[in-house]
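Engineer: Here is a sequence with its predicted model. Questions after.
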Amino acid sequence: MYRKHLTGLLLVGLLLNISAGLPDDLSGAALTKADDVKQAQAGIIALIKSGQTESAGRSVDKLLIDYSQSSGLPEALYWIGRHYGWTSKYEEEKNIYQRLIQGHPANSYANKARLGFCRAEVQALIASQRFDEAKAAFDKLTVDFSSHPDLHDALYWIAWRYGWSNRYRESRDVFQRITRQYPASSKADEARMGAYRMNICLLIVSGQAKAAQSEFNKMTAEFSGHPDFAETLDIIALRWVWAGNYPAARSIYQQIMQNGPGSSYAEKAQAYFQITGKGIDIFSLVESGQVQEADGAIERLMKDFGGNDLLAQTIILCGERYFARASQERNSGSAAASKEDFARALGIFKKIIERLPACTTTPYAYYYSAVCYDELGEYEKAIECYKTIVEVYPDYYMAWNAQFMVGYDYKRMLKAGRISESQARPQIKAAYQKVLANYPDCKAVKLAKKWLGRNGN
């Protein structure tokens, strides 16, 4: 659904002739007509959509100066804030709302901004994996704004944010709340389908394939004609991919192609249908021990499908199969075979990091690479990968553990005699303090506190 808003934005930009040849900021634009503030708003939104956050910020500053007396300024600021939120720039969104509220406290859009600020705060906490704080902020929001006419919309986007963070249960529960409390709202149908979608994803990750299929059949019967159904199918298919169930994913991609030929989702499904088919063949080669054949098939897949996001997911699943086999070999005492398979897994994960464009799978590749380096005793390289996750991919769901492992690997190097105590302790301390500061709700907090307590911190 959020894609619709961004698509609409692009159309606005085209109509206003601003999306082509747009300057880095709007300082050179000659805005003299009555609807200039609207044009400036659309230009800023285009900058946000294209990822030019700093330029958008400068243009907002200019907008506030040039149109400080304009009656259209509060509305413009509000929608600029919304677009920051739709691109997950929650701090920028909150900043815009603060400026709107401070400058125009009695305006109707200030009332919208007050709710928007609190909603963005909940979303930011979810994105940073501070789930206990997010729950508390969510509960406060629902009390403080219980009579606000836009509350159902705020709940809707919070539900989406939980889903993007793979918190399927929380997402489902918020969607269900919308359907119970706001059955006549504009979001009710989408929320009901969202609840189905998140429950299916939850069943998939819980290993309940039959129950997931049963729920999927119910959803299909009710929503097959919904305009957003293809997007929902796409999300569920990808969840099957992440679970390694390519046959289930292929069935859904085939359904997308049949139900909406010519659509963007159908084009994507066609490519993904082909990749998943080849992926199944590669998995078979890996599991049967045909290492050279599997590697050759991976190389051909990379050549044929370039930087496709599902390509990276398929490759990482190949690496996971080597990783799983290596783990079994290690546990059974076959150390030499285990190291060989960890090295093979590492080689596959490095293909994603070194040869494919950055995508949603990239942090997974860094994380698995780090674990392989740990298994191979190459702790320095593992630390480099863990630090990359924390610094470049802070929203990755295992970022908390990556931060913890930085300290833990320094402990390992100290124990192995590779570094001195004076070298190790400051690094361990810094790493564990960051765990407490940045991931206060994570599972590693207890261990980090224990070490810091024992070492006088």
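Structural biologist: Done, it's in.

Engineer: Check the burial of the nearest residue to residue 271 once chain neighbours are set aside by counting its neighbours.
Structural biologist: Once flanking residues are discounted, residue 271 sits nearest to residue 308: 6.2 Å by CB to CB, 6 or more residues apart in numbering. The way it works is simple: take the backbone N, C-alpha and C, and place the C-beta from them, glycine included. Neighbour count of residue 308, defined by other CB atoms under 10 Å: 20.

Engineer: For residue 308, give me its contacts.
Structural biologist: For residue 308, the contacting residues are 271-272, 275, by CB atoms under 8 Å, 6 or more residues apart in numbering.

Engineer: where does the stretch 201-350 of the chain have low pLDDT?
Structural biologist: Applying pLDDT under 70 to the stretch 201-350 of the chain flags the ranges 307.

Engineer: which residues touch the nearest residue to residue 138 once chain neighbours are set aside?
Structural biologist: Spatial nearest neighbour of residue 138, chain neighbours left out: residue 122 (5.0 Å); criterion: CB to CB, 6+ apart. With contact taken as CB under 8 Å, 6+ apart, residue 122 is in contact with 134, 137-138, 141, 158, 161.

Engineer: mind listing what's buried in the helix or strand where residue 429 lies?
Structural biologist: Secondary structure from DSSP states H and E places residue 429 in helix 421-438. Residues of helix 421-438 classed as buried by neighbour count (16 or more other CB atoms under 10 Å): 424-425, 427-429, 431-432, 434-435, 438.

Engineer: Quick check: the farthest pair among the contacts of residue 122?
Structural biologist: 141 and 161 (12.8 Å; CB to CB).

Engineer: before we move on, back to that, want to try a markdown table for the buried residues of helix 421-438, with pLDDT and distance to residue 197 as columns?
Structural biologist: Formatted as a markdown table, the buried residues of helix 421-438 follow (pLDDT from 0 to 100; distance: CB to CB, whole Å):
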| residue | pLDDT | distance to residue 197 |
| --- | --- | --- |
| 424 | 94 | 47 |
| 425 | 94 | 48 |
| 427 | 95 | 43 |
| 428 | 96 | 42 |
| 429 | 95 | 44 |
| 431 | 96 | 37 |
| 432 | 96 | 38 |
| 434 | 95 | 35 |
| 435 | 95 | 33 |
| 438 | 92 | 30 |
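
Engineer: one step back: and residue 141 and residue 161? Which one has more around it.
Structural biologist: Neighbours were counted for residue 141 and for residue 161 using other CB under 10 Å; residue 161 has more, 24 against 21.

Engineer: Do I have it right that the more buried one meets residue 126?
Structural biologist: Yes: counting by CB atoms under 8 Å, residue 161 does reach residue 126; the two are 4.9 Å apart.

Engineer: Quick one: residues contacting the residue nearest the centre of the chain.
Structural biologist: Nearest to the geometric centre of the chain sits residue 164, at 5.1 Å (CA atoms, centre = their mean). Counting by CB under 8 Å, 6+ apart, residue 164 makes contact with 88, 127.

Engineer: Tell me how far residue 45 lies from residue 433.
Structural biologist: Distance of residue 45 to residue 433, given as CB to CB, to the nearest Å: 39 Å.

Engineer: in the stretch 251-400 of the chain, which spans are helices?
Structural biologist: With DSSP state H, counting those that start in this stretch, the ranges of helices along the stretch 251-400 of the chain come out as 264-287, 291-305, 309-331, 335-355, 362-375, 379-392, 399-415.

Engineer: cool, the stretch 101-250 of the chain as well?
Structural biologist: Using DSSP H, counting those that start in this stretch, the helices of the stretch 101-250 of the chain run over residues 108-127, 131-144, 151-164, 168-181, 188-205, 209-223, 229-242, 246-259.

Engineer: Out of those, the one nearest residue 449 is which?
Structural biologist: Per CB to CB, nearest to residue 449 of those: helix 131-144, 16.1 Å.

Engineer: List the buried residues in that closest one.
Structural biologist: Neighbour-count burial for helix 131-144 flags 131, 133-134, 137-138, 141-142 (criterion: 16+ other CB under 10 Å).

Engineer: cool, and stretch 206-221?
Structural biologist: 212, 215-216, 219-220.

Engineer: Likewise for stretch 42-56?
Structural biologist: 42-49, 52, 55-56.

Engineer: can you list those in TSV and add secondary structure, pLDDT and distance to residue 186?
Structural biologist: TSV is the format used below for these (DSSP: H, G, I helix; E, B strand; the rest coil; pLDDT from 0 to 100; distance: CB to CB, whole Å):
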residue	secondary structure	pLDDT	distance to residue 186
42	helix	93	23
43	helix	95	28
44	helix	95	26
45	helix	95	22
46	helix	95	26
47	helix	95	28
48	helix	94	24
49	helix	92	23
52	coil	92	31
55	helix	94	33
56	helix	94	28
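
Engineer: Perfect, I'm done here.
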